[in-house]
Structures are given as C-alpha cells and as structure tokens.
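>>> Give me the fold of what follows.
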Amino acid sequence: MDLGGGGWQTAWQVDPHPDDSGYCGAVQTRPNPVDNSERYVLPEPIVTNMLRVIPSPPWWASDFRGTDTLYSVSEVQAFGEPAEPPPPPFVDCLELTCFEGADKWEAFLTDESGFCYKVELTCDDGVGGGIELGMHPDGRVEGGYGFFIPEEPNDCGGFIVHLGNNKFVHSCAFNSGEMIELEVKAAPMHRCRKEVASCQPLPPSPE
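Numbering: from 1, shown residues only. Presented below is the predicted three-dimensional model:
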C-alpha cells in the first residue's frame, strides 16, 4: 500500500495455501480457495489510495514458503469505507497577535505532506507583538516572534526553525509582571483537516 509518496508498505502478506489443502497450484481465491465470497480482514484498518501486488521470492531462495515463479494474478479487490477527506491546500502562513483582553489564541498549521502543528499563544493584558510562521512543503516551520510592553525597555523574541516532531515552548515575564507563553507542537493530522483551510486571520485591532 502507498499514499503516493513511493514508500510501499506491506498491507497483507498472502501466504500459499497449505500443501494438504489440495490447492497447491493454479489461481485460487484468498483466503478461502473454495469460497470466493470470503473476505480477508486485516488485523487493523489501513488508509491508502494505491495497492500493489509483489511476488514473493522463489521458495528455494527464501525461508518463506514462496512462489514457484509460475505466478499470476487475475484480480485484486479491496473493501472498506471512505477515509477522511485529504488535507486542505498547503497553508504557508499563520499570524497570531496579542491584543488587550486576549487570553489564549489557538491555531493549526498544516502542509500537503502530512505535517500538522498546533500553535498556542497566551498573552496578558498590555503585551503587544505576536508570532508569524511559514511552512515549507517538507514540513519545516520557520518564523519569528516578538513581544513587548511599551513602557518597558526589554522585549521578548526569537526565531523558530525546523520543528519536526519537537515541541517548542517559550515564556517570558516582563518587569511589570505580565507574561506571554508560546507553544508549537506536533498535532494529530485530523485536527488540521478540520480546522485549517487558509491562513489564520489577524485578531481584531483594539478600539
């Protein structure tokens, strides 16, 4: 099975029928050689959009009871239910901005290769600034963040690059006691499928 990336994985290893079954040659249905309505049920569901049949090595070249090299396949059938819809189009930006009265902003960032990140930003009142992230097609996340309080000389900021499955956490306390907390971490892909379709809009500006 494969999802289009060329990384073939085994979905089902189709063993030969036992020698004492009387069906040692010719094309036979699986798993039951005498009942073509019986279906083989995988131990657990898989999600794929391609199936491929690969012959096993000859029995004399492997410990596995393989083929005699006189093989053929007439038909492959797969049964199941439609999976979740594919991820939304590539999202290449996300912006979250602190403004007065905001407790926590939560957003999701995804790409077309199966990466999903959850971004949480918590800002106390009086903190300005925000975070801007971009995502490459290979899942790398890059961006900058900066927070400040107008009357304080020291700000709080930095740069994020290549998160992978790591979790990025940054918190900062200002002299006046106000704080910000920023967290970026990998999330289940279904969150992105449901919650991200385009760049997150900027929060409304304070009056």
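>>> Could you tell me how far residue 144 is located from residue 30?
Residue 144 sits at a distance of 56 Å from residue 30 (criterion: CB to CB, to the nearest Å). Backbone N, C-alpha and C define where each C-beta goes, glycine included.
>>> what do you get for residue 126?
Residue 126 is 68 Å from residue 30, by CB to CB.
>>> for residue 169, same thing?
Counting by CB to CB, the gap from residue 169 to residue 30 is 50 Å.
>>> domain parsing for this protein?
Residue ranges for each domain of the chain read 1-83, 94-195, as given by automatic domain parsing.
>>> Residue 136 and residue 161 touch, don't they?
No - Residue 136 sits out of contact with residue 161 when judged by CB atoms under 8 Å, with a separation of 10.2 Å.
>>> show me where the protein has helices.
With helices called from DSSP state H, the chain shows them at 189-195.
>>> Show the low-confidence segments of it, by residue range.
Scanning the chain with the threshold set as pLDDT under 70 gives 2-7, 19, 22-25, 57-68, 84-92, 99-103, 111-114, 137-138, 193-207.
>>> Just put the domains of the chain in a markdown table and tack on mean neighbour count.
Converted to a markdown table, the domains of the chain look like this (neighbours: other CB atoms under 10 Å):
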| stretch | mean neighbour count |
| --- | --- |
| domain 1-83 | 11 |
| domain 94-195 | 16 |
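>>> Nearest residue to residue 164 in space, please, no chain neighbours.
Spatial nearest neighbour of residue 164, chain neighbours left out: residue 139 (7.3 Å); criterion: CB to CB, 6 or more residues apart in numbering.
>>> Hmm, the one you found is touching residue 165, no?
No - Residue 139 is beyond contact range of residue 165, at 9.3 Å (criterion: CB under 8 Å).
>>> Tell me who's in contact with the closest residue to residue 127 other than its chain neighbours.
Spatial nearest neighbour of residue 127, chain neighbours left out: residue 98 (4.8 Å); criterion: CB to CB, 6+ apart. By CB atoms under 8 Å, 6 or more residues apart in numbering, the contact set of residue 98 is 121, 123, 127-130, 147, 180.
>>> Kindly report the same for residue 172.
Contacts for residue 172 (CB under 8 Å, 6+ apart) come out as 147, 156, 179-180.
>>> Return the closest of the residues you listed with respect to residue 10.
Lowest distance from residue 10 to the contacts of residue 172 (CB to CB) belongs to residue 180, with 47.3 Å.
>>> correct me, but the closest one touches residue 156?
Yes - at 6.6 Å, residue 180 counts as touching residue 156 under the criterion of CB under 8 Å.
>>> Need the overlap of contacts for those two.
129, 147, 172.
>>> so the second one touches residue 128, yeah?
Right, residue 147. Yes - the pair residue 147 / residue 128 is scored as a contact, 6.8 Å apart, by CB under 8 Å.
>>> what does stretch 120-133 contact?
93-106, 109, 119, 141-150, 155-157, 160, 174, 176-184.
>>> for stretch 26-44, same thing?
By CB under 8 Å, 6+ apart, the list of residues contacting stretch 26-44 from outside reads 11-12, 14, 17, 21, 23, 72-74, 79.
>>> How far does that stretch sit from its chain's centre?
With CA atoms, centre = their mean, to the nearest Å as the basis, stretch 26-44 stands 32 Å off its chain's centre.
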